[in-house]
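Engineer: Dropping a prediction and its sequence here:
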There are 2 protein chains.
Amino acid sequence: MAMDGYRGFLGLLVAALLVGFLSVIFTLIWVLHYREGLGWDGRAPEFNWHPVLVVTGFVFIQGIAIIVYRLPWTWKCSKLLMKFIHAGLNTIAAILAIISLVAVFDYHNTSNIPNMYSLHSWIGMIAVILYILQLVLGFFIFLLPLAPLSLRALLMPIHVYSGLFLFGTVIATVLMGVTEKLIFSLRENPAYSTFPPEGVFTNTLGLLILLFGALIFWIVTRPQWKRPKEPNSTLLQPNRGTPEGVEGSMAINFGNMDKSDSEINNEAAARKRNITIDEAGQRSTV
Amino acid sequence: MAMDGYRGFLGLLVAALLVGFLSVIFTLIWVLHYREGLGWDGRAPEFNWHPVLVVTGFVFIQGIAIIVYRLPWTWKCSKLLMKFIHAGLNTIAAILAIISLVAVFDYHNTSNIPNMYSLHSWIGMIAVILYILQLVLGFFIFLLPLAPLSLRALLMPIHVYSGLFLFGTVIATVLMGVTEKLIFSLRENPAYSTFPPEGVFTNTLGLLILLFGALIFWIVTRPQWKRPKEPNSTLLQPNRGTPEGVEGSMAINFGNMDKSDSEINNEAAARKRNITIDEAGQRSTV
């Protein structure tokens, strides 16, 4: 598995995992040490599941789901298996995000706090709805062997763009949520403006989450770290002498139109021939 | 100036300009109609310059600066002229961002409100400092004819990544700022949680700013809308039969390593030959 800049990739991956893991730990320390702990009683401990589940699922797991195709030791696994892992991680993230919404709505209703009035809630709700839509569309278009290849090629840049934009929106929403919660919780004794330990600690959590986003965004936009095409797809590759405008097309990292196109063609061909191999691959690797 | 999907580009550009312009108008309506207006008195009207200048400069003008190379009617202009426009717009954005900081610090100091305690202020300050650093580095490395071409080719993906990441961070910071300001201002009569007109209106402003970011991010990551290489650079283009890993490299939209490399080489060559032409181009177009 030769890879251009393998050690650089590994260093950034370890950094991303570390920063993501630290973000989850910091969130747990925040709610367990500085706040009321965790519980499911319609009170503050139930609300506290909201940040824990969002940072664990909607930030950390979603971030890993975004870069999972780029792990070079998975390049020997079938593309179909990797799609299942990508879809599976995003499904876990979506479920945790939904439970985190249940927690906050339940807390609000028990405590007679109105729902959905803040910008945080508006953007967060839009993000969850679009994330589920992205998941369902991705499942039917890219995972199930139903959609015609031309449709896949057409929608892949939109899928990639939407995924990255939603990830960024989720991080922005988390930072708004931290802001809201600190202002609400640190009114007096101590006030947020007096630099109390909880304020400084949770601001640091916000910085960690932003840094995690920066690392994932860097890893996923390095074209040299993209999963290579399937081995025999060169045969199906179109004429390389295409005009400049088309050459180098498709989205972000995301190679070019020709490449993705041939990859999709090849994948479909491989799927017809090698279903048993794919399944064996899944059994041996999962 | 043939362009792949020219009408789609034009539609999205008009949408981005409209949404960006609306964001500025909404911000003005917010501070003039719902808040205390504008002034430079150390009180609330001085603070109000903070959102106005940030949304105008750090969001709208920065967004335009990001996509300025992609306007197809500028493709007949020299690359050097376009770099001046890109750098100029970013300089204006930086100056407005700095004045917006002066406004908020001055207001805080006059009103005895502590500075730099919130997550909004931490991330915002980091963004302004990194933005100025990016501007200075960009000036010395890509605009002035000082840096060796290999250094330019090495740093261009970092420049592009940093620019987009900072733009996203600025938008996240604005959304945090809106959240803070609405919670502070709408405590009672009316409370933010009772859906008062100011809350709904300013939440909508937040959505507009997020939408502006989405449009800019889409426009700048479509590879088919990238400014074409200079006409004679094909001569300098390296062998197209490079291995897949390198082919299609470089960052985001940003073509590939080979392409950018040859573009930089070509540009240097063109600069030596055509300085007079460049200058004439600038005079006739600016």
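Structural biologist: Cool, the structure landed. Numbering: from 1, shown residues only, chains lettered A, B, ... in the order given.

Engineer: Name the spans of the stretch 101-250 of chain A whose pLDDT lies under the cut-off.
Structural biologist: For the stretch 101-250 of chain A, applying pLDDT under 70 flags the ranges A:231-250.

Engineer: do you know how far the residue in it positioned nearest to chain B is from A:V160?
Structural biologist: Nearest residue of the stretch 101-250 of chain A to chain B (Cβ to the nearest Cβ) works out as A:A172 at 3.7 Å. Glycine gets a C-beta too; all of them are placed from N, C-alpha and C. Using Cβ to Cβ, to the nearest Å, A:A172 is found at 19 Å from A:V160.

Engineer: Neighbour count: these two, which is higher?
Structural biologist: Per other Cβ atoms under 10 Å in any protein chain shown, whichever of A:A172 and A:V160 has more neighbours is A:A172, with 27 against 19.

Engineer: Please identify the helix or strand for the more buried one.
Structural biologist: For A:A172, the host element (DSSP states H and E) is helix A:149-185.

Engineer: Could you do A:G8 as well?
Structural biologist: Here A:G8 is assigned to helix A:6-29, by DSSP H and E.

Engineer: does any bit of that helix sit next to chain B?
Structural biologist: No: in terms of Cβ under 8 Å from any Cβ of the partner chain, no part of helix A:6-29 sits within range of chain B; the closest distance is 11.2 Å.

Engineer: check contacts around the residue nearest the centre of chain A.
Structural biologist: For chain A, A:Q62 is the residue whose C-alpha lies nearest the centre (Cα atoms, centre = their mean; 2.4 Å). Shown in contact with A:Q62 (Cβ atoms under 8 Å, 6 or more residues apart in numbering or on different chains): A:L89, A:N90, A:A93, A:F167, A:V170.

Engineer: tell me the mean pLDDT over the helix or strand hosting it?
Structural biologist: Assigned by DSSP H and E, A:Q62 belongs to helix A:62-67. Here helix A:62-67 scores 98 as its mean pLDDT.

Engineer: Following element in sequence after it, please.
Structural biologist: Taking DSSP H and E, what comes next after helix A:62-67 is helix A:79-110.

Engineer: What residues sit buried inside that next one?
Structural biologist: A:79-83, A:85-87, A:89-90, A:92-94, A:96-98, A:100-101, A:103-104, A:106-108 (16 or more other Cβ atoms under 10 Å in any protein chain shown).

Engineer: Around chain B, pick out the residues from the stretch 51-200 of chain A.
Structural biologist: By Cβ under 8 Å from any Cβ, the residues of the stretch 51-200 of chain A that approach chain B are A:113-114, A:117-120, A:122-123, A:126, A:157, A:161, A:165, A:168-169, A:171-173, A:175-176, A:178-180, A:182-184, A:192-195, A:199.

Engineer: Which of the residues you listed are buried, as a PyMOL select command?
Structural biologist: Buried subset of these, written as a PyMOL selection, criterion 16+ other Cβ under 10 Å:
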select buried, chain A and resi 117+118+119+120+122+123+157+161+165+168+169+171+172+173+175+176+178+179+180+182+183+192+193+199
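
Engineer: what's around A:G163, how many residues?
Structural biologist: Neighbour tally, A:G163, other Cβ under 10 Å: 22.

Engineer: quick one on the thing from earlier: measure how the helix holding A:G8 sits relative to helix A:149-185, angle-wise.
Structural biologist: 40 degrees (axes from the mean of the first three to the mean of the last three Cα atoms, to 10 degrees).

Engineer: which residue sits farthest out from the middle of chain A?
Structural biologist: A:N189 (37.3 Å).

Engineer: Let me know the secondary structure of it.
Structural biologist: coil (DSSP: H, G, I helix; E, B strand; the rest coil).

Engineer: Next: A:W40.
Structural biologist: Quick answer, by three-state DSSP: A:W40 is coil.

Engineer: next one: phi and psi at it?
Structural biologist: Phi and psi for A:W40, reported as degrees, to the nearest 10, are phi -140, psi 70.
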